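Novice: Whatever this is, show me its structure:
(2 chains)
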Amino acid sequence: MKLEELSARLRALYAQYGYRPYKMSKFEEYELYAGNREFLLSDNIITFTDTDGKLMALKPDVTLSIIKNTDVDVRAGSTEKLFYSENVYRVPKGAEGFREIMQTGLECIGGVDSYCVAEVLLLAAESLRATGRQFVLDVGLPGLPAEIAAIITPDVEVQGQLLQCAAEKSLHGIDAIAAGLQAGPNAVNNAAVEALKTLSGLYGTPEETLAEAERAATGLGLESELTELKTVLAALADSPVKDSLRIDFSVAGGRNYYTGIAFKGYVEGVPERVLSGGGYDRLVARFIPGAKAIGFAVYLDTLELLMTPETAQDGDVLLVYDGAEAAAVLREVQRMTAAGLKVKAVRSAEADKYRGRYGKIIDAGSVPVFNGGDGQ
Amino acid sequence: MSGAEFLNIALPKGRLGEKVYAVFEKAGYPCPGVMDNSRKLVFENPDAGVRYFWVKPSDVAIYVERGAADLGAAGRDILLEYAPDVYELADLGLGVCRMAVAAPESFRDEPERTLRVATKFPNIARSYYADRGRDIDIIKLNGSIELAPVLGLSDVIMDIVETGTTLRENHLAVIDTVLPISARLVANKSSYRFKNREIRRLAAAVSDAITVAKAAATEAKA
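Specialist: Next up, the predicted model:
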């Protein structure tokens, strides 16, 4: 399968569920990103000055452009469902320079309810299934660890450190920070420390993990945080993707972007996440007051590792034509291509370069020899 | 990406890696030949389901992040400097040392001047001094860091300090401890999902082996 084929398959899937295609320009005014930096995956943005003097940027992100241009009547309870397939430009984490990243995804904006969330999770899982590989969709609630960190300490910087440890599943790291706090003047809520460790270490199917997560949350009076997650998982309990759902409270990686449910998708054979998504009510509220939103992106570039080349060979025939008359060679090439063959005509000096990449090598020595001149 | 039947483990070459392997062995993941002095690069034990390979210590995190290894043992210094996208499943309690700022014994800090800091760890240095609002000039070196202040290349150094002998021999003294360092068990995020049971079993066994070793050491001291 080729990436374009997978992308087309995903677009067809989203259209089947009533999502409309959304096409956008490669550029946006830089101001859009400057004002919403905390929601971007990377700080680096390619900018240029347009002919009218405006500072423009090559899109590092799709979601911002979509919500900026989407008009939803929230009071009427309407919801806009859109999908896209776009290239974005940013510096991936750990990379040395800018990359063009092929991204396909969807956004659901407006009166987002539990059905919408369940549908988005279903489509995320189906997107992973479309790769043809074994997959898992990890679902979590970034807000819950954040609330527990706030119970442990009022110090926002230390809360960030705790959440970073939670994102790395570093339970010893949480212990070390808690020990540092315990040595300080303020009392530390040990039950909250244990609850954060429990949630960070949890990983498994909803059946294996939800009860334990609920116990940890209930001890701190946070059980209502799990209500929507339970409703959505119950909605997906009979879906064909239910066996691939996992609970992981470290899923948001310590980012402040997501609200409500967040999720990440992995497919076997790719060492990093290939899909990322979640609710982003805080961001959408900046553009559409009262609206809720949820969406995800499939990072097609990460799936390149899995894509098989169309054929093992470049073509069928390598035609070596040294000294043969140009018209005769052209006739021979046309005859072969008309028969449906893929042909490359080369001089013998180049033939070695292509040996093994073509099914057959034919020496055009039998065609009339061109005598002298430049072959024109 | 790694084969499904084995847990692929990247060990850091050198004394630390040998200690790490000893813990894995005690935890029930032995592999004959790993400690032999040979040119072989990869060692397998199908019965234990493990495949070990030795890599440069600073490369362990990259092997794990990119999925060539499912697990690895990397120093906290490397993890903080390169910030790889991996899980940190256990503190192995090995290779214990500290990241510290050291300066010539005669050094007197002048906060109004830009501080010249020689280090192998520019990201850690940048973050440490940014937290303190101090303007610094980072001089990235790849070795013999202690030489920098001796020759006037830098005012201070930020480096790993184990016993402090090298510092003393060069008339340098620790002026600040940045953070404690030890080796950590790290896991690739995708492997954590698709080899979850195996990885968690190994992490638990390794943690138990460390606890037993620590208890034995405490008992011996007593």
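Novice: measure A:Gly18 to A:Glu80 for me?
Specialist: From A:Gly18 across to A:Glu80, the span is 11 Å (Cβ to Cβ, to the nearest Å). C-beta here means a position set from N, CA and C on the backbone, and glycine is covered the same way.
Novice: Have a look at these two and say which one is more surrounded.
Specialist: Neighbours per residue (other Cβ atoms under 10 Å in any protein chain shown) separate A:Gly18 from A:Glu80, with A:Glu80 holding more: 21 against 9.
Novice: who touches the more buried one in this structure?
Specialist: Contacts of A:Glu80 were listed using Cβ atoms under 8 Å, 6 or more residues apart in numbering or on different chains, and they are A:Thr70, A:Asp71, A:Val72, A:Glu107, A:Cys108, A:Ile109, A:Gly110.
Novice: for chain A, which helix is longest?
Specialist: Assignment by DSSP state H gives helix A:114-129 as the longest helix of chain A.
Novice: which bits of chain A sit near chain B?
Specialist: Within chain A, the positions near chain B by Cβ under 8 Å from any Cβ of the partner chain are A:93-94, A:134, A:136, A:138, A:165, A:168-170, A:172-173, A:203-204, A:246, A:266, A:268-273, A:305.
Novice: Inside strands: which ones of those?
Specialist: Applying DSSP state E to the residues of chain A next to chain B, the entries found in strands are A:Val136, A:Asp138, A:Arg246, A:Tyr266.
Novice: Scan those residues and report the most crowded one.
Specialist: A:Tyr266 (27 neighbours).
Novice: so what's the residue most central in space within chain B up against?
Specialist: Against the mean C-alpha coordinate of chain B, by Cα atoms, centre = their mean, the closest residue is B:Gly75 at 1.2 Å. The contact partners of B:Gly75, taken as Cβ under 8 Å, 6+ apart, are B:Pro12, B:Leu16, B:Pro57, B:Gly95, B:Ile181, B:Ser182, B:Ala183, B:Arg184.
Novice: burial measure for A:Ala187, as a count.
Specialist: 8.
Novice: mind checking the SS state of it?
Specialist: The local conformation at A:Ala187, judged by DSSP: H, G, I helix; E, B strand; the rest coil, is coil.
Novice: swap in the one 10 residues further on?
Specialist: Reducing the assignment at A:Lys197 to three states with three-state DSSP gives helix.
Novice: unless I'm mixing things up, it is touching A:Leu171, no?
Specialist: Yes - under the contact definition of Cβ atoms under 8 Å, A:Lys197 touches A:Leu171, with a separation of 4.8 Å.
Novice: Just give the nearest non-adjacent residue to the closest residue to chain A within chain B, would you?
Specialist: Nearest residue of chain B to chain A (Cβ to the nearest Cβ) works out as B:Gly67 at 2.6 Å. The shortest distance from B:Gly67 to any residue other than its chain neighbours is 2.6 Å, reached at A:Pro271 (Cβ to Cβ, 6 or more residues apart in numbering or on different chains).
Novice: roughly how far apart are the residue nearest to the centre of chain B and B:Ile124?
Specialist: 12 Å.
Novice: which residues of chain A fall in strands?
Specialist: For chain A, the strands defined by DSSP E occupy A:20-21, A:27-29, A:47-49, A:55-58, A:79-90, A:99-110, A:135-140, A:245-247, A:259-267, A:275-279, A:292-299, A:315-320, A:343-346, A:358-363.
Novice: Switch these over to JSON lines; also include distance to B:Thr166 and mean pLDDT.
Specialist: JSON lines is the format used below for the strands of chain A (distance: least, Cβ to Cβ, whole Å; pLDDT from 0 to 100):
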{"stretch": "strand A:20-21", "distance to B:Thr166": "64", "mean pLDDT": "96"}
{"stretch": "strand A:27-29", "distance to B:Thr166": "53", "mean pLDDT": "89"}
{"stretch": "strand A:47-49", "distance to B:Thr166": "47", "mean pLDDT": "92"}
{"stretch": "strand A:55-58", "distance to B:Thr166": "49", "mean pLDDT": "91"}
{"stretch": "strand A:79-90", "distance to B:Thr166": "42", "mean pLDDT": "94"}
{"stretch": "strand A:99-110", "distance to B:Thr166": "41", "mean pLDDT": "93"}
{"stretch": "strand A:135-140", "distance to B:Thr166": "45", "mean pLDDT": "97"}
{"stretch": "strand A:245-247", "distance to B:Thr166": "48", "mean pLDDT": "97"}
{"stretch": "strand A:259-267", "distance to B:Thr166": "44", "mean pLDDT": "94"}
{"stretch": "strand A:275-279", "distance to B:Thr166": "45", "mean pLDDT": "95"}
{"stretch": "strand A:292-299", "distance to B:Thr166": "45", "mean pLDDT": "95"}
{"stretch": "strand A:315-320", "distance to B:Thr166": "62", "mean pLDDT": "91"}
{"stretch": "strand A:343-346", "distance to B:Thr166": "62", "mean pLDDT": "93"}
{"stretch": "strand A:358-363", "distance to B:Thr166": "61", "mean pLDDT": "88"}
